[in-house]
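1. coords please:
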Amino acid sequence: MRPLLTRIFTSTRIAMASSFPSSPSRRLARLTRHLNSSSGELTSVGAPATAATDAVPARSRPAASKVHAAVLVCLFEDPSGGTRVLLTKRASSLSSHSGEVSLPGGKVEEGDADAKATALREANEEIGLDPALVSVVTVLEPFLSKNGLNVVPVIGMVSDKALFNPVLNKAEVEDIFDAPLEMFLKDDNRRTKEMNWMGMDIPVQFFDYEADGKVFVIWGLTAHILTRAAAVIFQRQPSFVELPRPKYTSVPIAGTEEPKP
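-> Numbers count the residues shown, from 1 in each chain. From the prediction side, this is the model:
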């Protein structure tokens with residue numbers, strides 16, 4: 001099956017070739033309409049048979065399972081037509097997950113209407129992303145973190161990245177960058193290693209990415225969510241075999257901090 005972007009835009013490119021090229025914003029608008037019209041189908045298309053390391057798709061859990069957190073998979077298209085995703089590096093001063101790469105997001109708070117509201121609010125608080133710039137196109141199935149928490153990925157798109165002027169909350173975010181979404185379907189910059197968690201040796205996948213002379217390591221729950229989001233957007237499986245799903249048996253301890261995807 002051809003990638004989603006190719007299938008959507010090939011006919012448009014042919015029709016417009018004699019007049020003027022299709023702009024990234026035009027292609028993005030068409031993709032947004034497609035995802036909106038088929039969001040029910042896209043939550044399962046491209047889903048791997050097994051889940052990777054640090055998160056477990058929660059569709060086997062009861063439908064009424066409580067959502068504890070949400071993250072924003074914020075996409076935009078570069079001038080060449082490639083789809084990219086916004087990522088952050090957590091502040092080194094934080095007590096948990098310090099210095100790790102993550103998606104904007106966090107805990108559900110009272111007053112949040114749904115997971116989409118949580119993801120947009122957190123992105124605004126963390127990196128100054130105006131919710132009005134984001135078109136939410138679909139919500140993926142919840143992912144179960146190793147601490148037993150349901151994390152919902154919300155896929156949104158920014159039609160014009162030039163309108164976004166990042167304002168980082170330095171207490172939470174040290175840096176912001178973007179990476180090609182398709183990278184998370186490829187084995188080129190991917191590596192795995194075993195990590196011990198509560199006496200279990202768990203294989204974990206890592207993606208290494210360099211931007212502006214800085215090296216970022218994307219792993220764990222964030223990497224797993226991005227692989228699933230890429231599979232949905234491009235409508236194809238990753239080129240690598242995803243790691244077997246660990247059998248987490250722990251439950252969150254009352255009063256502990258919500259883990260950051």
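2. And the strands in the stretch 101-250 of the chain, which stretches?
-> Counting by DSSP state E, counting those that start in this stretch, the stretch 101-250 of the chain has strands at residues 101-102, 105-107, 134-139, 143-145, 150-158, 173-180, 190-197, 200-211, 214-219.
3. Give me the average confidence score over the first one.
-> It refers to strand 101-102. Average pLDDT, strand 101-102: 96.
4. so what secondary structure elements neighbour it?
-> Where contact means 3 or more C-beta pairs under 8 Å, 6 or more residues apart in numbering; DSSP states H and E, strand 101-102 is packed against strand 83-90, strand 214-219. In short, each C-beta sits where N, CA and C put it, glycine included.
5. Of all those strands, which one is nearest V158?
-> Among the helices and strands packed on strand 101-102, strand 83-90 comes nearest to V158, with 8.1 Å by C-beta to C-beta.
6. how many neighbours does P166 have?
-> 13 (other C-beta atoms under 10 Å).
7. again, but for the one 5 residues further on
-> Summarising burial for A171: neighbours were counted as other C-beta under 10 Å, giving 10.
8. Ok, the one 10 residues further on next?
-> Using other C-beta under 10 Å, L181 has 20 other residues around it.
9. Kindly report the same for G81.
-> What G81 shows, counting by other C-beta under 10 Å, is a neighbour count of 15.
10. Which residues are in contact with the residue nearest to V152 when sequence neighbours are not counted?
-> Distances taken as C-beta to C-beta, 6 or more residues apart in numbering place A115 nearest to V152, at 4.0 Å, with adjacent residues excluded. Counting by C-beta atoms under 8 Å, 6 or more residues apart in numbering, A115 touches 67, 70, 108, 139, 152, 154.
11. Which one (most neighbours) among these?
-> A70 (30 neighbours).
12. Show the contacting residues for that residue.
-> By C-beta under 8 Å, 6+ apart, the residues touching A70 are 105-106, 108, 115-116, 118-119, 122, 151-154.
13. so F184 touches T227, yeah?
-> Yes: contact between F184 and T227 holds when scored by C-beta atoms under 8 Å: they sit 4.6 Å apart.
14. what do those two both touch?
-> By the contact definition C-beta under 8 Å, 6+ apart, F184 and T227 are jointly contacted by P238.
15. if we can go back for a sec, which of the helices and strands packed on strand 101-102 is buried the deepest?
-> Stretch with highest mean neighbour count among the helices and strands packed on strand 101-102: strand 83-90 (a mean of 22; mean count of other C-beta atoms under 10 Å).
16. Which residues does that one contact?
-> 5, 72-78, 97-104, 126-127, 129, 172-182, 216, 218, 222, 226, 229, 233, 260.
17. and it, average pLDDT?
-> With pLDDT averaged residue by residue, strand 83-90 scores 96.
18. Also stretch 123-139?
-> Averaged over stretch 123-139, pLDDT sits at 96.
19. C-alpha coordinates for it, PDB please?
-> The C-alpha trace of stretch 123-139 is given here as PDB (Å, rounded to 0.1, in the frame of the first residue of the first chain):
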ATOM      1  CA  ALA A 123       1.400  22.400  24.900                       C
ATOM      2  CA  ASN A 124       0.400  26.000  25.400                       C
ATOM      3  CA  GLU A 125       1.800  26.000  29.000                       C
ATOM      4  CA  GLU A 126       5.100  24.300  28.000                       C
ATOM      5  CA  ILE A 127       6.100  25.800  24.700                       C
ATOM      6  CA  GLY A 128       3.600  28.700  24.100                       C
ATOM      7  CA  LEU A 129       1.800  26.900  21.300                       C
ATOM      8  CA  ASP A 130      -1.500  28.700  20.700                       C
ATOM      9  CA  PRO A 131      -4.300  26.100  20.500                       C
ATOM     10  CA  ALA A 132      -5.900  28.200  17.800                       C
ATOM     11  CA  LEU A 133      -2.900  27.300  15.500                       C
ATOM     12  CA  VAL A 134      -3.500  23.500  15.900                       C
ATOM     13  CA  SER A 135      -6.100  21.500  14.000                       C
ATOM     14  CA  VAL A 136      -6.700  18.300  16.000                       C
ATOM     15  CA  VAL A 137      -7.400  15.600  13.400                       C
ATOM     16  CA  THR A 138      -7.500  12.300  15.400                       C
ATOM     17  CA  VAL A 139      -6.900  10.700  18.800                       C
END
